[in-house]
Every structure is written in structure tokens, then in C-alpha cells.
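missing the sequence, but the structure's below:
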Ligand SMILES: [Fe+2]
Ligand SMILES: [Fe+2]
């Protein structure tokens, strides 16, 4: 008996550990929760009120309406839970978008079921959700939107329902992975073609009516117009996705890649006005990307976040060692460790201002304060101590917050290791490099900087190996190739 209890406890512990979210969930305010709940009530009413229009109405009808109403309300709740589970940092605006799209589909079904095909109603919103919130949320949304029918008398043809589910699932799965607008365009052409062919094979040949209630008898022409309408609806959706991105703060893969374009004005400014910081940024991108690939994190997110992490240094590039180019160090002239610490903190504060001005998504802006966390500005704190200033360590720490996700934590570790790896002797062994990396990471771990990142011991081990691999690449690049007089090839 004791053994069974111990085994159960172990299993429960493992289950609890497996449920730790990858990122700290965002708290949603009570008002937002209330609004979301009210929208869910409206969806439930719209989707079930027709059950009450039967006359004469008896108790069993009311009971069956109540069951349907509750079922729809619970389904909407499950949809919100799934979206929160897949994306713990989901904001209330994004939940509001998912629920509003469900409401819009229900209203469209009520008003336009006879003129618009079900495919055109459900697939375009699924594309928006998969791009912004991920494939699992989109799949959950599709299953609920396909099942909740406001009119019990309208029964969709089984074959069409099957085609709808297959097409919507393909869009949901691919939509979450697609990395460019061009691929989105391909999807909006190939899915309607696929739906046209499958409708022609499964429905067109048998001449089964599309929706049994209407005098809408399916013919090849109708299948064609339905598929054409779907293609147009998907193309319009792709056109409007950037608007959804800015209104609802969605961060699609395509947007991430656009932001990572080095021709973006802010990045161009960094390369021209703070070339040292730009070089440091590029090396960090390499370290962070390799480490994120090792632990299975979001590579596109960290690459873009790394590009913008030190953008605040643009406010005073010469105050940072990497841009000084052997000239005078303004900190020596200032000779005030407290003021110098303020300049260092300003690169975070100014970075956040740049992010707001340039409308950078919140997930990218988070890299700016979190890459420094509450780290101690050791050099200036030491200077203050040498000057025998009676000052609290607090003034020599960044204001934080400490990294709240695996990606921002990796960036902090890469930021810490970059200078040390760059400065390392070309002849240093792998063991020495790994020791340097381990010491830097251990110092941050001990300082509590990784406490909210959910990085496990195993992942930290993999991050160290990834940084070592990048160091090996750097070393290889720095070894000069032997040249010979007879070398005629280039
Ligand atoms: Fe920084
Ligand atoms: Fe940095």
C-alpha cells in the first residue's frame, strides 16, 4: 500500500512538473474577464435562441435549449483555456479577438447561410488565429465554430463538413508555421483549389444538395463559385492581417521576419551610429539562435528580440565600451560611478522608448529590460567602493524585471558570454571555453536571474553546449588560411 502511495505521489509530482508553463501567464483584469464572459453569453444566445421559437413551447423544449446554451458556453470557455494553455502570454485583446471571430461567424451563419459557403465563413478566421495565436488554438476554434450551428434545421452535408474540417485543419496547422507572406499567398491559392477538387469528387458527382433546407442544389458552377469566394476571402484576410497585428498585438512569423530585416531604419541606425553594438548584436543573435534551437524554443522570436535588445544604446553610443574605438572613455572624464550606472540603466529605459515609438510588439520589447534583468553593474559598484562612497548596492543594479521566458533568459546568458568569448585567446581549448561559459551562467543562476524563466538544469546544460559550438565556429573563422605564392585559385 505504502509503495502504491509513493508511486502515486511520484506520478503526481511528475504530472505537476510537466504542467509548468513555458512562460509566465499574463493576468487578465476583471473588467476584461467580464467583457469576454458577456461575449460568450451572446454567442450562446445567438447559437441557441432558435430552439425557443417553437410553438407551443413546452418544458422539454426549454430544457433542451438550456442544455444547448450551456454546451456552447462551456465550449467557448474550453476554447479560451486552450488558447491560454498554448500561449500563456496571451493578452485579453487577443482572447477578445478569438471570441469576437466566433461571434462574427455565428452571426454570418444566421444571416448569410444561403449565400456564403461554410468554407468561406470558417477558414479565413482560422488563418488569422493560427497566424497570431498558434495552430492548436486555431484547431480548437475550428472545431467549435464548425459544431455550433444557430439554426437546428440547417444540416450541412456530411461530405462538405468533412472537406471543411480537412481544409480548416490544413490552414490551422500550416498557418501556425508559415514564415512569409508569399507562403500565405500560396496557401490561399492551393486550399481553394483543393477544396474545389474534393467537392467535385465527393459532392459534385453525387449531386447531393449542399444545405438541405435551401433550394440550393449543388452544381459544378456552384462548387467553383464557392471555391472562388474562399480564395477571395483568404486573399482579403492576408491583406488585413497586418491591421489585426497592430490592433490586437499579434506577433505572426511573417511580422517577426519583417522586423528582423537588417534594412529596417532602426537597425540601419544601429549599424551606422553604434557599429560596435551592432557587431555585438550579430554575435549574440548567433549564440542565442543556436541555444534556442538546442532546447526547442522560438528561434524567430529570439533572433528578432536579439536584434533590438540593445537598441537603447543609440541614445549615447560612445558611452559603451564596444563603440569607443580606443578613444577617450567618457566615464573616466565623468568620474562618478553613480552617474555612470545611470547611463547604463538609460540604455534600457531609452530602448523601451524606441520600442514604443517604433511600435515594436510587446514580446520583442520584453527583451530590452529582461536581457539585463536586475544584474549588478559590477565595474561601477567596485569603483564606488574604491571611492569609499556609502552607497547601497541597489543603485548599481538594473531595474529589471528578470527574464520571464526561456527566450529572454537565453538572451541574457548570450549577452553575458559574448564579450568573454570574443576576448578569449584563439588557442584556448574547448575545455577552457566551456569553463568560462559555465562560470558566467552559474553567476547569473546564483544571482536569481533565471528564477522566473522556467529553464531546467538539462536545458541550461544544452545552452552551454550550444554556446561552445558557436565559439568553435568563431575560432575556426579567426584562423587564417595559409597562403602560397603558387596559389592561383581564388
Ligand atoms: Fe544591454
Ligand atoms: Fe547586449
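Structure's in. What do you need? A quick note: this is a predicted structure, and the numbers were derived from the prediction, not measured. Numbers count the residues shown, from 1 in each chain. Ligands and ions are numbered 1, 2, ... in the order given.

does residue 289 touch residue 301 like I think?
No: if you go by CB atoms under 8 Å, residue 289 and residue 301 don't touch, sitting 10.6 Å apart. C-beta here means a position set from N, CA and C on the backbone, and glycine is covered the same way.

pLDDT below threshold where in this structure?
For the chain, the stretches flagged by pLDDT under 70 are 13-26, 151-156, 205-221, 389, 477-490.

who in it is up against ligand 2?
310, 415 (CB under 5 Å from the ion).

make it 6 Å
Applying CB under 6 Å from the ion, we find that the chain lies next to ligand 2 at 280, 309-310, 415.

who wins on neighbours among the residues you listed?
Comparing the residues of the chain next to ligand 2 by number of neighbours (other CB atoms under 10 Å), residue 309 comes first, having 32 neighbours.

pretty sure it is touching residue 371, no?
Yes: counting by CB under 8 Å, residue 371 is a contact partner of residue 309 at 4.7 Å.

overlap of the contact sets of these two?
411, 415 (CB atoms under 8 Å, 6 or more residues apart in numbering).

and the residue of the stretch 351-490 of the chain closest to ligand 2?
residue 415 (4.3 Å; CB to the ion).

once you drop chain neighbours, what's closest to that residue?
Of all residues not flanking residue 415 in the chain, residue 371 sits nearest, at 5.3 Å (CB to CB, 6 or more residues apart in numbering).

which residues sit in contact with the residue of the stretch 351-490 of the chain closest to ligand 2?
284, 309, 371-372.

for residue 131, same thing?
Going by CB under 8 Å, 6+ apart, the list of residues near residue 131 reads 175-176, 178, 184, 241, 250, 252-254.

quick check: next helix or strand after the helix or strand that contains it?
If you go by DSSP states H and E, residue 131 is part of helix 118-133. Past helix 118-133, further along toward the C-terminus, the next helix or strand under DSSP H and E is helix 135-147.

show me what that following helix is packed against.
Other elements packing on helix 135-147 under the criterion 3 or more CB pairs under 8 Å, 6 or more residues apart in numbering; DSSP states H and E are helix 59-86, helix 92-112, helix 118-133, helix 158-175.

residue 148: which of the ones you listed is closest?
Residue 148 lies closest, by CB to CB, to one member of these: helix 59-86, at 5.5 Å.

how far off centre is that closest one?
28 Å (CA atoms, centre = their mean, to the nearest Å).

sorry, back to before: what's the burial count for the residue nearest to residue 415?
With other CB under 10 Å as criterion, residue 371 counts 27.

quick check: the residue of the stretch 101-250 of the chain nearest ligand 2.
Across the stretch 101-250 of the chain, the shortest distance to ligand 2 (CB to the ion) belongs to residue 249, at 24.9 Å.

what's the distance between that residue and residue 130?
16 Å (CB to CB, to the nearest Å).

same deal with residue 122?
The spacing between residue 122 and residue 130, counted by CB to CB, is 12 Å.

which one's more surrounded, these two?
Ranked by neighbour count (other CB under 10 Å), residue 122 and residue 130 place residue 130 first, with 26 against 23.

return the residues in contact with the closest residue in space to that one that isn't next to it in sequence.
Counting by CB to CB, 6+ apart, residue 130 lies nearest to residue 175, which is 3.0 Å off, once chain neighbours are set aside. Neighbour list for residue 175: 126-127, 129-131, 135, 138, 184, 187 [criterion: CB under 8 Å, 6+ apart].

need those residues in CSV (columns: distance to residue 361).
Formatted as CSV, the contacts of residue 175 follow (distance: CB to CB, whole Å):
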residue, distance to residue 361
126, 22
127, 19
129, 17
130, 17
131, 13
135, 19
138, 19
184, 18
187, 23
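
these two touch, right, residue 337 and residue 388?
No: taking CB under 8 Å as the definition, residue 337 is not a contact partner of residue 388, at 11.4 Å.

how many residues are close by residue 127?
25.

residue 229 versus that one, what's the distance?
Residue 127 is 15 Å from residue 229, by CB to CB.

next helix or strand past the helix or strand containing residue 269?
According to DSSP H and E, residue 269 maps onto helix 265-273. Note on helix 265-273: by DSSP H and E, the next helix or strand toward the C-terminus is helix 275-295.

sorry, back to before: contact partners for the residue nearest to residue 415?
By CB under 8 Å, 6+ apart, the residues touching residue 371 are 309-310, 403, 408, 411-412, 415.

please determine how far it is located from residue 280.
12 Å.

now residue 188. Nearest residue, chain neighbours left out?
Closest to residue 188 by CB to CB, 6+ apart is residue 234, at 3.6 Å.

list the contacts of the one you found.
Counted by CB under 8 Å, 6+ apart, residue 234 has contacts 123-124, 127, 187-188, 191-192.

quick check: phi and psi on residue 397?
phi -120, psi 150 (degrees, to the nearest 10).

okay but it is in contact with residue 380, surely?
No: at 10.7 Å, residue 397 does not count as touching residue 380 under the criterion of CB under 8 Å.

and the residue in the stretch 201-350 of the chain that ligand 2 sits nearest to, backbone torsions?
With CB to the ion, the shortest gap between the stretch 201-350 of the chain and ligand 2 falls at residue 310, namely 4.2 Å. Backbone torsions for residue 310, taken as degrees, to the nearest 10, come to phi -110, psi 30.

okay, helices next: where are they in the stretch 251-400 of the chain?
253-259, 265-273, 275-295, 299-308, 330-334, 337-357, 362-365, 367-370, 378-386 (DSSP state H, counting those that start in this stretch).

counting contacts, what elements does the third one pack onto?
I take that to be helix 275-295. By 3+ CB pairs under 8 Å, 6+ apart, helix 275-295 packs against helix 265-273, helix 299-308, helix 406-423, helix 457-478.

tell me which residues in that helix are buried?
276-278, 280-281, 283-292, 294-295 (16 or more other CB atoms under 10 Å).

ok so, going back, so how far is the helix holding residue 131 off the chain centroid?
Worked out by CA atoms, centre = their mean, helix 118-133 lies 18 Å from the chain centre.

quick test: name the residue nearest the centre of the chain.
Centroid check for the chain by CA atoms, centre = their mean gives residue 251 as the closest residue, at 5.8 Å.

which ones are touching the closest residue to that residue other than its chain neighbours?
Closest residue to residue 251 apart from its sequence neighbours, by CB to CB, 6+ apart: residue 361 at 4.6 Å. Residues in contact with residue 361 (CB under 8 Å, 6+ apart) are 245, 249, 251, 255, 259.
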